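Got a sequence here, can you model it:
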Amino acid sequence: MMEARAQARFVRIAPRKARAVVDLIRKKDLDEALGILRYTPNRAARVVAKVVQSAAANAENNLELNRGGLYVDRIFVDEGPTYKRVQPRARGRRFMIRKRTSHITVIVKERKEV
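The predicted model follows:
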């Protein structure tokens, strides 16, 4: 079975927030998944939509699969490196601000004809 994949690495969004969006479209048809992402009001939805479109383009152009039969087989978010920033607090103390990053991976496959 042929599968196409796309990956966005070091995306500046917390993995926990991205996973909430990714869970909405797992195992959905391509057009349905993009429709859901279009009307999801999270910042992560735009990034995830780009990766899904990239995976679909890879399937069409590199593997010559039919776009109409594609679905999101696997999609997951891994944690990337965390940028650490310091914010001054009272009495000379400091507070660590963690700017988390994500690696988003999308794998699309073609549905088997029944």
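
and the residue nearest the centre of the chain, what element?
Computing the C-alpha centroid of the chain and ranking residues by Cα atoms, centre = their mean puts V48 first, at 3.6 Å. Secondary structure from DSSP states H and E places V48 in helix 43-63.

does the closest residue to A49 other than its chain neighbours belong to a helix or a strand, and which?
Nearest residue to A49, sequence neighbours excluded (Cβ to Cβ, 6 or more residues apart in numbering): L37, at 4.1 Å. Every residue, glycine included, has its C-beta placed from N, CA and C. Under DSSP H and E, the secondary-structure element containing L37 is helix 30-38.

now the angle from that helix to helix 43-63?
Angle between the axes of helix 30-38 and helix 43-63 is 160 degrees (criterion: axes from the mean of the first three to the mean of the last three Cα atoms, to 10 degrees).

Buried residues of helix 30-38, list them for me.
Of the residues in helix 30-38, those buried by neighbour count under the rule 16 or more other Cβ atoms under 10 Å are 30, 33-34, 36-37.

show me where pLDDT drops low in the protein?
Low-confidence regions of the chain, defined by pLDDT under 70, span residues 114.

So which residues of it form strands?
When secondary structure is read from DSSP state E, the chain shows strands at 3-11, 70-79, 83-88, 94-99, 102-110.

Tell me which of the ones you listed is the most buried.
The highest mean neighbour count among the strands of the chain belongs to strand 102-110 (a mean of 22), with neighbours defined as mean count of other Cβ atoms under 10 Å.

Extract the C-alpha set from that one and format it as PDB.
What follows is the C-alpha trace of strand 102-110 in PDB, where atoms were taken according to Å, rounded to 0.1, in the frame of the first residue of the first chain:
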ATOM      1  CA  SER A 102       6.300  20.700  17.700                       C
ATOM      2  CA  HIS A 103       7.000  18.300  14.900                       C
ATOM      3  CA  ILE A 104       3.800  17.600  13.000                       C
ATOM      4  CA  THR A 105       3.800  14.400  10.800                       C
ATOM      5  CA  VAL A 106       0.900  13.500   8.400                       C
ATOM      6  CA  ILE A 107       0.700  10.200   6.500                       C
ATOM      7  CA  VAL A 108      -2.000   9.900   3.800                       C
ATOM      8  CA  LYS A 109      -3.100   6.800   2.000                       C
ATOM      9  CA  GLU A 110      -5.500   5.900  -0.800                       C
END
